[in-house]
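In: coordinates only, sequence not included:
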């Protein structure tokens, strides 16, 4: 029965006993959900097999054409255990509401971006998080994001403002990652910022990092490449993603100004009495 002031006449809900056959049918139309956590599926399946699964009011959610928006882990657990379970099923929810669904296994920004068919959603999410942190707090250290109280839609909207550049940065970062143990988000974030100053210079700089051919020993590309390529060889060469970005920022600033540098010019004192702010480009 529709209640007074009902605002979503196409939405309906009812309680069903979901069997493994029903679960399999719903899962066949699961094109926009997040990646599966086998650990979560096994946990739920164990609870169902032991008769400990309780209906708590959390619904399985479908959009208007029957596509699954929420509930895949419960449905997969039902199939795995072969045990039916009672659940509220809500039908007719718009797919644009996906990024607001955060019950059960917490949905990540990458999950929300994947639901919107954004390519390379995991790397793109990490990149845009670093970008927002840098824009808001002056550093790509994503720990600062806890202070900003942003929602996933804020990051997704920011992604769309520079989507081509972010996707290009991710591809460049992937190429670099194939050659050295660098942070993809640090490389992609840095490319996006650098290309905002000059896409041509950013392309030339990262080409030097990737290929490393014909570079003089005091060329900023060469010096940065030598430093980043040591990551993973010894613990003393380890660098956080923020430190990797700082190294690139210092190198790119020198590159833009056609200034030769040595390894010491890329050091960044993050802590202590002589601590530096995250490097700028101007």
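Out: On my side now, so go ahead. Computed from a predicted structure; not experimentally measured. Residues are numbered from 1 along each chain as shown.
In: Strands along the protein, start to end?
Out: Applying DSSP state E to the chain gives strands spanning 12-18, 60-62, 68-70, 85-91.
In: which residue ranges form the helices in the protein?
Out: Along the chain, counting by DSSP state H, helices occupy 20-27, 38-49, 72-81, 109-115, 121-137, 152-161, 163-177, 184-197, 199-211, 220-229, 241-256.
In: still on that earlier bit, can you check which of the strands of the chain gets nearest to residue 255?
Out: Set against residue 255 and scored by CB to CB, the strands of the chain come closest in strand 68-70, at 46.0 Å. C-betas here are computed from N, CA, C, even on glycine.
In: give me the number of residues near the nearest residue to residue 210 once chain neighbours are set aside?
Out: Excluding the flanking residues, the one nearest residue 210 by CB to CB, 6 or more residues apart in numbering is residue 175, at 5.4 Å. Taking other CB atoms under 10 Å as the neighbour definition, residue 175 ends up with a count of 14.
In: what's the answer for residue 12, then?
Out: Neighbours around residue 12, by other CB under 10 Å: 11.
In: Likewise for residue 90?
Out: Count around residue 90 with other CB under 10 Å applied: 18.
In: Pull the contacting residues for it.
Out: 11, 12, 13, 59, 60, 61, 62 (CB atoms under 8 Å, 6 or more residues apart in numbering).
In: That one pairs with what?
Out: Bridge pairing for residue 90 (DSSP bridges) gives the partners residue 13, residue 61.
In: Select from the helices of the chain the stretch with the lowest mean pLDDT.
Out: Note on the helices of the chain: helix 38-49 shows the lowest mean pLDDT, a mean of 88.
In: which strands and helices sit next to that one?
Out: Counting contacts by 3 or more CB pairs under 8 Å, 6 or more residues apart in numbering; DSSP states H and E, helix 38-49 packs against helix 72-81.
In: picking that back up, looking at the helices of the chain, which is buried most?
Out: helix 184-197 (a mean of 24; mean count of other CB atoms under 10 Å).
In: Report the inter-axis angle for it versus helix 220-229.
Out: 170 degrees (axes from the mean of the first three to the mean of the last three CA atoms, to 10 degrees).
In: Outside of helix 184-197 itself, list whatever touches it.
Out: By CB under 8 Å, 6+ apart, helix 184-197 touches 123, 126-127, 129-131, 134, 140, 162, 165-166, 168-170, 172-174, 176-177, 201-203, 205-206, 241-242, 244-245, 248-249, 252, 256, 281.
In: Please apply the same query to stretch 164-176.
Out: Taking CB under 8 Å, 6+ apart as the rule, stretch 164-176 contacts 119-120, 123-124, 127-128, 131, 159, 182, 184-192, 195-196, 199, 206, 209-210, 228.
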